[in-house]
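>>> Coordinates for the following, if possible.
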Amino acid sequence: MATYKLEIKKEFGQLHLRLFPSSEPAPAYIGPVKDLRGLLEAVGKSLDDQHVGTADTVIFRQIGYSDRTDLSEAVRTATY
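Below you'll find the model as predicted:
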């Protein structure tokens, strides 16, 4: 059971993200992605690359998500 942080920023009209274990220093942002669909795909790929499981929690905008569907919906409906 691990805790991860997901951070997304918009810079010059393009979205950048980073997903990392909360116990480690933040890495560089990944991106840019141009649209929301690309962002959701990049988040899914990052979750797979980090081997985030169902027992893990991802913190996005100070709310913890343990379900990928709920996290994807929060990312999709957020304002950037």
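
>>> Based on its surroundings, how many neighbours for G44?
By the criterion of other Cβ atoms under 10 Å, G44 has 14 neighbours. Using the backbone N, CA and C atoms, a C-beta is placed for each residue, glycine as well.

>>> Over to it. Which of the three states is it?
Secondary structure for G44, judged by DSSP: H, G, I helix; E, B strand; the rest coil, is helix.

>>> Neighbours of H51, how many?
Neighbourhood size, H51 [other Cβ under 10 Å]: 8.

>>> With the one 10 residues further on instead?
Neighbouring residues of R61 were enumerated by other Cβ under 10 Å; the total is 11.

>>> check contacts around it.
74, 78 (Cβ atoms under 8 Å, 6 or more residues apart in numbering).

>>> Helix or strand: which one has the nearest residue to Q14 once chain neighbours are set aside?
Closest residue to Q14 apart from its sequence neighbours, by Cβ to Cβ, 6 or more residues apart in numbering: P32 at 3.4 Å. Using DSSP states H and E, P32 falls within strand 30-33.

>>> Any chance you could list what contacts that strand?
Here strand 30-33 has contacts from 11, 14-18, 39, 41-42, 46, using Cβ under 8 Å, 6+ apart.

>>> Poorly predicted segments of this structure, please.
For the chain, not a single residue meets the criterion pLDDT under 70.

>>> Can you show me the helices along it?
Assigned by DSSP state H, the helices in the chain fall at 36-49, 68-77.
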